[in-house]
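Chemist: coords please:
(one chain, ligands or ions: 1)
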Amino acid sequence: MSYLLNSLIRALPDLIVLTLVLLIQGIGAVWILRKPGVRASQPARRAVLLGAAASFGLLAFAFLTRFARVAIHFPDGWSTWGRGFGIGWALLSVAWMAGMIASSWLPNIQPRHSPARRRVLRAARVALFGVPAATLAYGTFIQRSRISLREERIVLPNLPADLDGLRLVQLTDIHLSPFLSVRELEGAVAMANETRANIALVTGDLITTGNDPLDACLGALAGLRGDAGVFGCMGNHEIYANSEDYTAVHAARIGIRFLRNAATRLRFGNATLNLAGVDYQRYRKPYLLGARKLADPGAFNLLLSHNPDVFPIAAEQGFQFTLSGHTHGGQVRVEILGQDMNIARFFTRYVDGVYRQGPASLFVSRGIGTIGLPTRLGAPPEVALIHLCRT
Ligand SMILES: [Fe+2]
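Modeler: Residues are numbered from 1 along each chain as shown. You can find the predicted model right below:
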């Protein structure tokens, strides 16, 4: 009973969204059923009711598979893709509902209209419904798997001369799952190796759930190279998958050292780079408790923290540079009325790219994989190459 109650409390935000979407879809179905053409045709009415039932069924399935006790009854790919399609369909149906409202404001196409006006009205109606579907399809089937190399120069005024030009390659938010193949990850690792970086870094979220192929992910990461080594920090999904200890132990065997509230000093010429890492820092909890001692006042301090929201505290604790992921750059990001709309903005102001606070800097990579919805829009997946510079 308490398991059920706890699960429902955790699922409450999803339950609210599900209820809203079902309500919107229900209103949409009634609206279509009231159209004169549909009302007069028995097969059309039946098709609308069947479509509504299928839609409700898909959304209910997508919601229920978030519970492990339900998900175990389905093959991994089924529940992951089922949830992904459910979220995609929910978004699309809401966009179509908005399209229906907008199209009702358009004048009806009348025979008295000129052929040119009829064409424009028809094209406007097609665009209202076609553009959201085409955009979602592009983000799901094209942009999601187009991993590219992103290069960023980070200017750090206090950078020791011997660290000037140091190159860090970062892989983050891999989320190896039915949404990302081992082959795609191997491609990203090859891309990272081509940069011949000084240090290679993996900043968390190797997988999404405990059912995902963590060993395969570590197998692909075994090929990752950095002159001075390969290091990492844990993400929130390592907690959800209960895989932090397993990841640390098995990664160490393939030469990747996960810094779990720990630091290591790397020497480059006369300069020391103090590389520190912390486990995932939960939102709305005090950040970086006990991390101050990881900073070395005599060295240049770089912090690996999956969650970028720690940045102001990290800067205050003496970390001149913080490297993060977690946000996926918003994953699905659209601009509406000049406003950058994405879900990550609700959690943090550090969504994507370079941020500064005094002499300290933060870089947030969009990462490689996806969660929930197998789609990337306006936030393409990336391998990040960071050049540290004095000017
Ligand atoms: Fe992630």
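Chemist: Select the longest helix from this protein.
Modeler: Longest among the helix segments of the chain by residue count, using DSSP state H, is helix 76-105.
Chemist: what's the following helix or strand after that helix?
Modeler: Counting by DSSP states H and E, the next helix or strand C-terminal to helix 76-105 is helix 115-141.
Chemist: tell me which strands and helices that following helix is in contact with?
Modeler: Under the contact criterion of 3 or more C-beta pairs under 8 Å, 6 or more residues apart in numbering; DSSP states H and E, helix 115-141 touches helix 76-105. C-beta coordinates here come from the backbone N, C-alpha and C atoms, glycine included.
Chemist: from the chain's centre, how far out does the helix it packs on sit?
Modeler: Helix 76-105 has its C-alpha centroid displaced from the chain centroid by 18 Å (C-alpha atoms, centre = their mean, to the nearest Å).
Chemist: circling back to that earlier point, show me which positions of the longest helix of the chain end up buried.
Modeler: Across helix 76-105, burial judged by 16 or more other C-beta atoms under 10 Å covers 79-97, 99-100.
Chemist: next one: stretch 300-317
Modeler: The neighbour-count check on stretch 300-317 (16+ other C-beta under 10 Å) flags 300-315, 317 as buried.
Chemist: Next: stretch 146-161.
Modeler: Buried residues in stretch 146-161, counted by 16+ other C-beta under 10 Å: 147, 150, 152, 154, 156, 159-160.
Chemist: and those residues, which of them are in strands?
Modeler: Among those, DSSP state E puts 150, 152, 154 in strands.
Chemist: now the first one, which residues is it bridged with?
Modeler: Spelled out, it's Arg150. Ala384 (DSSP bridges).
Chemist: Pull the contacting residues for it.
Modeler: Residues counted as contacts of Arg150 (C-beta atoms under 8 Å, 6 or more residues apart in numbering) are 365-366, 382-385.
Chemist: which residues sit in contact with Leu176?
Modeler: Applying C-beta under 8 Å, 6+ apart, the residues near Leu176 are 182, 185, 206-207, 212-214, 216-217, 220, 369.
Chemist: Return the per-residue confidence for it.
Modeler: Predicted confidence (pLDDT) at Leu176: the value is 96.
Chemist: what about the closest residue in space to it that isn't next to it in sequence, distance to Ala60?
Modeler: Leaving aside its chain neighbours, Leu176 sits nearest to Cys217 (4.1 Å; criterion: C-beta to C-beta, 6 or more residues apart in numbering). Distance, Cys217 to Ala60, using C-beta to C-beta, to the nearest Å: 31 Å.
Chemist: Counting neighbours, go ahead and name the busier of the two.
Modeler: The neighbour comparison of Cys217 against Ala60 (other C-beta atoms under 10 Å) goes to Cys217, with 24 against 13.
Chemist: Which secondary structure state is assigned to Leu273?
Modeler: Look at Leu273: counting by DSSP: H, G, I helix; E, B strand; the rest coil, its state is strand.
Chemist: Let me see the backbone angles for the closest residue to it other than its chain neighbours.
Modeler: Spatial nearest neighbour of Leu273, chain neighbours left out: Leu266 (4.6 Å); criterion: C-beta to C-beta, 6+ apart. The phi/psi pair for Leu266 (degrees, to the nearest 10) reads phi -120, psi 140.
Chemist: Can you report how many residues neighbour Leu266?
Modeler: 20.
Chemist: Likewise for the one 10 residues further on?
Modeler: Taking other C-beta under 10 Å as the criterion, the count of residues near Ala276 is 28.
Chemist: Is it in contact with Phe300, as I believe?
Modeler: No: counting by C-beta atoms under 8 Å, Ala276 does not reach Phe300; the two are 11.2 Å apart.
Chemist: returning to that earlier point: tabulate the contacts of Leu176 in a markdown table, adding columns for pLDDT and secondary structure.
Modeler: Formatted as a markdown table, those follow (pLDDT from 0 to 100; DSSP: H, G, I helix; E, B strand; the rest coil):
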| residue | pLDDT | secondary structure |
| --- | --- | --- |
| Val182 | 97 | helix |
| Leu185 | 97 | helix |
| Leu206 | 98 | coil |
| Ile207 | 96 | strand |
| Asp212 | 92 | coil |
| Pro213 | 95 | coil |
| Leu214 | 97 | helix |
| Ala216 | 97 | helix |
| Cys217 | 97 | helix |
| Ala220 | 97 | helix |
| Gly369 | 97 | coil |
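Chemist: In a markdown table: those residues, plus distance to the ion.
Modeler: Shown next, in a markdown table, are the contacts of Leu176 (distance: C-beta to the ion, whole Å):
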| residue | distance to the ion |
| --- | --- |
| Val182 | 18 |
| Leu185 | 14 |
| Leu206 | 10 |
| Ile207 | 10 |
| Asp212 | 12 |
| Pro213 | 16 |
| Leu214 | 14 |
| Ala216 | 18 |
| Cys217 | 13 |
| Ala220 | 17 |
| Gly369 | 7 |
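Chemist: Tell me the buried residues within those residues.
Modeler: Members of the contacts of Leu176 classed as buried by 16+ other C-beta under 10 Å are 185, 206-207, 212-214, 217, 220, 369.
Chemist: Got the confidence number for Met1?
Modeler: 59.
Chemist: Grab the most central residue of the protein for me.
Modeler: His328 (3.3 Å; C-alpha atoms, centre = their mean).
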